[in-house]
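Participant: Turn this into a structure:
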Amino acid sequence: MMRKWLLGLVICGLMVWLAGCGHVGKEPGPRQEPAVQQNREPLTGLPTKNRDPMILMVMINNHHQARPQTGLGRADWVYEILAEGEITRFAAFYHSETSGVVGPVRSVREYYLDLAKGLHAVVAHAGGATNAMETIKQEGLHHLDGIHEDSRYFWRVGFRKPPHNLYTDLSKLVQGARSKGYHTAPLHLPLTFSAHGATDSGKPAEQIHIVYHRLYSCGYAYDSGQQAYVRFTQGEKQVDRESGQPLTMQNVLVIRAKHHIFDSAGHREVDLSGSGDGYLFQKGKAIPIRWENRSGVIVPTVHGKIVSLVPGKTWVNVIPENGKVTFQ
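Facilitator: Okay, the predicted model is just below:
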């Protein structure tokens, strides 16, 4: 009897030990993940500032008459893609910062809407190309149009000429979105963050030069003191107009995508639905990656596995297939 009792006690203890050690040698189980995500910003991986799930995507002008812009430094993610005339335009995504002036605001294109859908973002824009406006209407996308029905949430400034003088405030955009009944469910994005990122396999990349077109280039320089990249446009350090501070970010993602001009005005189609080659730059290093569109979100992958971003801001440069990127 005593032997059976001892055997039962040993078996029970073994079962408890196995239950507690079931994840040894594996990544943390799903029970631990929600607690981490709930306390982190979905786009930066930093401690949560804003528990409201709403994300704003603001179309920001990058014409030379629109520089320096205001508020790009507040964005969690910024995409830079060619528009017409070989000039890029920014799609700036805001979540952790919900107040402050941003602009100049410019019109939207359909491929930017593809990015907004993946993040369920409210799009702030100044009109748009015909196909983009049709998509907004047909799909009922959440948006605030600064030159039509939602102009009360935007204003014109006197120190710039139209169309480079339309501005807004993030707090006004949140107010406008709420007044239109826009609500967003909590996000579960396919992004991962870690302090070291993916730099174990990287090559030195403290200077980055990107050519979109023979008439336009940009770049980044790594500042080891700030542990961030500093942005340059056409060879000049890009700063915020209001603060004068340089624009910095922890991650720079450069990806190649198919571009196609489909009309005489120079409007483009940009294919962001599939995958392609690129580089992820972080901590002064370059990591060759494949980008993939997963659930509407562009993510960097290596051997099919999503690689980690360094907690902080991310800028994504979407270049044509014949665009150039060099680093050293």
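
Participant: switch to C-alpha atoms for all contacts and neighbour counts from now on
Facilitator: Fine.

Participant: quick one: residue 311 from residue 186, how far?
Facilitator: Note on residue 311: its distance to residue 186, by C-alpha to C-alpha, to the nearest Å, is 20 Å.

Participant: neighbour-wise, which of those two wins?
Facilitator: The residue with more neighbours, out of residue 311 and residue 186, is residue 311; 22 against 13, by other C-alpha atoms under 10 Å.

Participant: State the helix or strand in which that one lies.
Facilitator: For residue 311, there is no helix or strand it lies in under DSSP states H and E.

Participant: correct me, but it touches residue 45?
Facilitator: Yes. Under the contact definition of C-alpha atoms under 8 Å, residue 311 touches residue 45, with a separation of 4.9 Å.

Participant: Next, show the common contact partners of the two.
Facilitator: residue 193 (C-alpha atoms under 8 Å, 6 or more residues apart in numbering).

Participant: ok, and the closest non-adjacent residue to residue 279?
Facilitator: Residue nearest to residue 279 in three dimensions, not counting chain neighbours: residue 288, with 4.6 Å by C-alpha to C-alpha, 6 or more residues apart in numbering.

Participant: Which phi and psi values does residue 178 adopt?
Facilitator: The phi and psi torsions at residue 178 (degrees, to the nearest 10) take the values phi -70, psi -40.

Participant: from now on call the first residue 21
Facilitator: Yes, from this point I'll number from 21; that puts the last item at residue 198.

Participant: burial of it, as a residue count?
Facilitator: The burial metric for residue 198, expressed as a neighbour count using other C-alpha under 10 Å, is 12.

Participant: Show me where the stretch 21-170 of the chain dips below the pLDDT cut-off.
Facilitator: Within the stretch 21-170 of the chain, the stretches falling below the threshold (pLDDT under 70) are 21-58.

Participant: try 90 this time
Facilitator: Low-confidence segments of the stretch 21-170 of the chain, defined by pLDDT under 90, are located at 21-60, 68-73, 104-106.

Participant: Could you report the distance from the spatially most central residue of the chain to residue 162?
Facilitator: Averaging the C-alpha coordinates of the chain gives a centre point, and the residue nearest to it by C-alpha atoms, centre = their mean is residue 97 (2.8 Å). Taken as C-alpha to C-alpha, the spacing of residue 97 relative to residue 162 amounts to 19 Å.

Participant: Then residue 306?
Facilitator: 36 Å.

Participant: So the two - more neighbours on which side?
Facilitator: A count of neighbours by other C-alpha under 10 Å puts residue 306 above the other of residue 306 and residue 162, at 24 against 21.
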